[in-house]
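Provided below for reference: sequence and predicted model.
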There are 2 protein chains.
Amino acid sequence: MNCGADNANATEIANQLRMAEHAGAHAHGLFRLPWYAGMLQSGKANGSAEPTIEQLTSSAIRLHGHNGFAPLALKVGRAPLIEAARAQGIAVLAMTRVMHIGALWPETSALAEAGLAAIAMTSAKPMVAPAGGKKPFFGTNPLAFAWPRGDKPPMIIDMATAAMARGEIQIAARDGHTVPDGAGIDPDGNPTNDPNEILKGAQLAFGGAKGALMALWVDMMVGPLLGEPYSKEQSRTGATDDGVAAGGEIIIAMDPARLSARDDAIAHGEELIKELLAEEGTRLPGARRIEARPHTEQNGVEIPASLHRTIIELCG
Amino acid sequence: MNCGADNANATEIANQLRMAEHAGAHAHGLFRLPWYAGMLQSGKANGSAEPTIEQLTSSAIRLHGHNGFAPLALKVGRAPLIEAARAQGIAVLAMTRVMHIGALWPETSALAEAGLAAIAMTSAKPMVAPAGGKKPFFGTNPLAFAWPRGDKPPMIIDMATAAMARGEIQIAARDGHTVPDGAGIDPDGNPTNDPNEILKGAQLAFGGAKGALMALWVDMMVGPLLGEPYSKEQSRTGATDDGVAAGGEIIIAMDPARLSARDDAIAHGEELIKELLAEEGTRLPGARRIEARPHTEQNGVEIPASLHRTIIELCG
C-alpha cells in the first residue's frame, strides 16, 4: 500500500504471497513483493484497479483487469465462474489486461475446492524457442489442471511448458552451475548446459518438439482466443524485464456432477488416485505443497535477511 | 459391412480411413480396417450403433455411443456441439461408450473449419508408466488442439502423451531396431533402448515427469470427469489387445468470435502464425498432412499388397 496499491489489491496480493509461503513455494512468495512494488512505483501496474465483469453468455465471462494485478481479478472472477460452471456444466473466464506473476495452482485449487475441475493457462514475453527454432518465441507459458477430491485438498498439476523456470536458470548463471540437458540452446541454436549461453540464446520447452507444441497451444488460447497479446506480441507491448505485461489468462471450469455419466464422479476420481498411489514410486502432483502447509502454518516461514530488509525498506 | 457394420457406420469409418490416407497418415488409414472388422466379428463392437444425444445444458452435450465406433458418433455429435459453442462461446461434448482408434485431428479439424477452437482428449488401456512408476498405468492418452484459420486449413496439434506410438515400438521390435532414449523402461524400471524390453516393461510419456502429468490430466478428463473408465480401469473392462475399449472422449469447442476482446480473432491468430513461420527452422504442426493431400487426392495412395489381400478377404 505504501507503494501505491489500494487496500483491496494489497490484501489479495498479501493473501497470495502468504498462500505460496505456506505451501513452501518460495519462488512465488515474498520473493515477489519487490516486483509488485516496482510495478506500482514505475506506474506500469494500476494499484487501485477495480476488475470488471462482463457476462458474455450463460457460460462465458470476460473479466477486464484494467492493468491491475491478478490476485484481486481472480477473486472477483471466481464467484461468477463457479456459478456458471455449476449451472452449465462448463464455463470459461476470459481474463484480459491482468498482470500475472504467480503460480496457477491458487486459482485452480479454489475452483476444485468448490467441486469443479479446472484448467488455467497464461503466457509471458518470449523466452522459449519454438520447435526447430533458435530464438525465444514463447513465454514459459504455464498450464494447470485441478481435480476436486471432496474433503481432501485438490489434485493439482501446475507446470511451465518451459523445461526449467527462468529463475532457476538465472540462479545457475549467478552461481556458476551448469543446467541439465534440454534446458536451452545458445544463440546459434546448439544445445548447451551453460546457463549464460541459454540466457543469450533461448530456453527450450520440456519434452522437445511435443512440449514446444504445448507452448504454442497455450499461446493461442491466451492470445488470439482471448484477444490479448501472444508471447511474441508482449515483447512489443510493455513487457517488463520479469517477462510480465498486462495480458490474458484463461480459466475453464467444468462440473463433474453435471458431466459425469455416473453419479459418483468424486469417488471415481478417488479410485484412479488410489490405484495410482498403489504403484511403487508414484506420488500425486502438488503433494509437496500440501505436505508443507501444516508445518509452515504452525511454525511460520523463514525468509532471507536481505529480503526482509528489502521489504522493510518498501514499507519505510 | 460384410463383417457386420450397417451403412451409416461403414460410411463414416470409410470416410475417416480415406481422410487419413489422403493426409499421408497411413497408421490411421486402411491399416486399421482389419481391426474394425475383427471388433465386429468378435461382437465387441456394435456395428449398427445409433449414437444418441442428450442435451445436458445449453453448453454441455452427452453423446452415448452404444459401444459403436467413433466415426459415426463424431458425425452425430458435431452439429449440436458447433451450435452450442457458437451460442455460448464454449461447449463440451462428453462422449461415452465409443470405440476410438483414430487420430484426433479429424474431429478437431472439422470444428476449426466451422470457425471454432477445439480441444479433444481420449484414453486407452495401460501402456505408459506414471512419473516415478515402473508399470503401465496410462494409455497413450492423446490430446489435440485445433485453431481456425479462415479459408486456410486449420492449425492442428495432435499428439500422444506417450513418447512413441505403440505401433512404432512394435515395428522396432519386429525389425530388431533400437528405440530412442526416453521411449520406455524394462520390467525393473530401468531405461532401455530395446523395444522388446519396453513391451515387457512400460512405455514412458514424452518429456519425463511433466509429460506423465499430461497423461494423468487426460486420464482424469476422459475418465472420472465423463464417468467413463480411466486407462487402468479399461484393462478390466474389455479392452482389446489393441488397447481400445468402449470408453470416453471429451471435446471442448470455443468460439473466438465470442471470446476474443478484439473483433478480428482469426486475423490475430494469423499474425501469430506469420511470426512463428518467420523464425528459421519452424513449421506449423500438421503441415505434413496438409501438404500430402493434393498429391494423394490426385494420384491415390499406395498400400502394401498384403494389406490389399487382407481387405479383399474381408470382403469375400
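Sure, I can see it. Numbers count the residues shown, from 1 in each chain, chains lettered A, B, ... in the order given.

from chain A, which residue is nearest to chain B?
Relative to chain B, the nearest point of chain A is A:G207 (2.0 Å; CB to the nearest CB). The way it works is simple: take the backbone N, C-alpha and C, and place the C-beta from them, glycine included.

mind checking how far that residue is from B:F145?
16 Å (CB to CB, to the nearest Å).

if you count what's nearby, which of these two comes out ahead?
Each of A:G207 and B:F145 has its neighbours counted (other CB atoms under 10 Å in any protein chain shown); B:F145 has more, 28 against 25.

Which residues of the stretch 51-200 of chain A lie near chain B?
A:56-60, A:62, A:87-92, A:94, A:96, A:117, A:130-135, A:137, A:145, A:147, A:155, A:157, A:159, A:189 (CB under 8 Å from any CB of the partner chain).

Quick one: neighbours of A:I171, just the number.
14.

Pull up the per-residue confidence for it.
In this model, A:I171 is scored at 85, pLDDT.

contacting residues for A:P126?
A:K135, A:P136, A:F137, A:F138, A:G139, A:S231, A:K232, A:Q234, A:S235 (CB atoms under 8 Å, 6 or more residues apart in numbering or on different chains).

Please apply the same query to A:M121.
A:L104, A:N141, A:P142, A:L143, A:A144, A:V218, A:M221, A:V222, A:E249, A:I250.

okay if I get those residues as a markdown table plus pLDDT?
Converted to a markdown table, the contacts of A:M121 look like this (pLDDT from 0 to 100):
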| residue | pLDDT |
| --- | --- |
| A:L104 | 95 |
| A:N141 | 96 |
| A:P142 | 95 |
| A:L143 | 97 |
| A:A144 | 98 |
| A:V218 | 98 |
| A:M221 | 98 |
| A:V222 | 97 |
| A:E249 | 97 |
| A:I250 | 98 |
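
By neighbour count, which of these wins?
Going by other CB under 10 Å, A:V222 tops those with 29 neighbours.

isn't it right next to A:E228, touching?
Yes: judged on CB atoms under 8 Å, A:V222 makes contact with A:E228 at a distance of 6.3 Å.

residues in contact with the closest residue to A:L116 other than its chain neighbours?
Excluding its sequence neighbours, the residue lying closest to A:L116 (CB to CB, 6 or more residues apart in numbering or on different chains) is A:A253, at 4.5 Å. A:A253 makes contacts with A:L81, A:I82, A:A84, A:A85, A:I90, A:A91, A:V92, A:L93, A:L111, A:L116, A:A117, A:A118, as judged by CB under 8 Å, 6+ apart.

what about the last one, which SS state?
Translated: A:A118. strand (DSSP: H, G, I helix; E, B strand; the rest coil).

burial of it, as a residue count?
Residues near A:A118, counting by other CB under 10 Å: 27.

ok, it touching A:D255?
No: contact criterion CB under 8 Å: A:A118 and A:D255 do not qualify, at 10.3 Å.

Tell me the secondary structure at the nearest residue to A:S235 once chain neighbours are set aside.
Leaving aside its sequence neighbours, A:S235 sits nearest to A:K125 (CB to CB, 6+ apart; 4.8 Å). On the three-state scheme (three-state DSSP), A:K125 is labelled coil.

Hmm, A:K125 is touching A:G247, no?
No: assessed by CB under 8 Å, A:K125 is found out of contact with A:G247, at 9.2 Å.

Who has more neighbours out of those two?
Neighbours per residue (other CB under 10 Å) separate A:K125 from A:G247, with A:G247 holding more: 30 against 25.

List the residues that contact the more buried one.
Counting by CB under 8 Å, 6+ apart, A:G247 makes contact with A:T96, A:R97, A:V98, A:M99, A:H100, A:T122, A:S123, A:A124, A:V222, A:E228, A:P229, A:Q234.

For it, name its beta-bridge partners.
Under DSSP bridges, the beta-bridge partners of A:G247 are A:V98.

rewinding a little: what is the most widely separated pair among the contacts of A:P126?
Farthest pair in the contacts of A:P126 (CB to CB) is A:K135 and A:Q234. Separation: 14.9 Å.

Between the two, tell me which one has more neighbours.
Counted by other CB under 10 Å, A:K135 and A:Q234 do not tie: A:Q234 has more neighbours, with 26 against 18.

got the contact list for that one?
Residues counted as contacts of A:Q234 (CB under 8 Å, 6+ apart) are A:S123, A:A124, A:K125, A:P126, A:G139, A:A245, A:G247.

could you measure the third one against A:F206, distance?
So that's A:K125. 19 Å.

Point out where chain A drops to low pLDDT.
A:238-243 (pLDDT under 70).

As a check, name the ranges of all strands in it.
Counting by DSSP state E, one finds strands in chain A at the ranges A:52-55, A:60-69, A:90-99, A:117-122, A:142-149, A:152-160, A:184-185, A:202-203, A:247-254.

what packs against the second one?
With contacts defined as 3 or more CB pairs under 8 Å, 6 or more residues apart in numbering or on different chains; DSSP states H and E, the secondary structure elements packing on strand A:60-69 are helix A:7-22, strand A:52-55, helix A:70-88, strand A:90-99, helix B:256-259.

Turn those into a markdown table, columns for distance to B:D194 and mean neighbour count.
Listed next are the helices and strands packed on strand A:60-69 as a markdown table, based on distance: least, CB to CB, whole Å; neighbours: other CB atoms under 10 Å in any protein chain shown:
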| stretch | distance to B:D194 | mean neighbour count |
| --- | --- | --- |
| helix A:7-22 | 44 | 19 |
| strand A:52-55 | 57 | 13 |
| helix A:70-88 | 47 | 22 |
| strand A:90-99 | 44 | 27 |
| helix B:256-259 | 46 | 20 |
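
Mind putting the ones you listed into a markdown table with distance to A:R289?
Compiled in a markdown table, those are given as follows (distance: least, CB to CB, whole Å):
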| stretch | distance to A:R289 |
| --- | --- |
| helix A:7-22 | 9 |
| strand A:52-55 | 29 |
| helix A:70-88 | 17 |
| strand A:90-99 | 23 |
| helix B:256-259 | 31 |
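
returning to what we had before: ok, the contacts of A:A253 vs B:R18, which is closest?
A:I90 (32.6 Å).

For the closest one, which residues are in contact?
A:S59, A:I252, A:A253, A:M254, A:D255, A:L259, B:S59, B:A60, B:I90, B:A91, B:V92, B:I252.

Bridge partners for it, pull those for me.
A:M254.

measure it to B:Q88 for me?
9 Å.

Kindly report the same for A:N2.
Distance of A:N2 to B:Q88, computed by CB to CB: 44 Å.

got the contact list for the nearest residue to A:M159 once chain neighbours are set aside?
Leaving aside its chain neighbours, A:M159 sits nearest to B:K210 (5.3 Å; criterion: CB to CB, 6+ apart). By CB under 8 Å, 6+ apart, the contact list for B:K210 reads A:M159, A:F206, A:G207, A:G211.

And those, which of them are buried?
A:M159, A:F206, A:G207, A:G211 (16 or more other CB atoms under 10 Å in any protein chain shown).

Quick one: residues contacting the second one.
Pointing back at A:F206 there. By CB under 8 Å, 6+ apart, the contact list for A:F206 reads A:M159, A:A160, A:T161, A:A162, A:A163, A:G182, A:M214, B:G207, B:G208, B:K210, B:G211.
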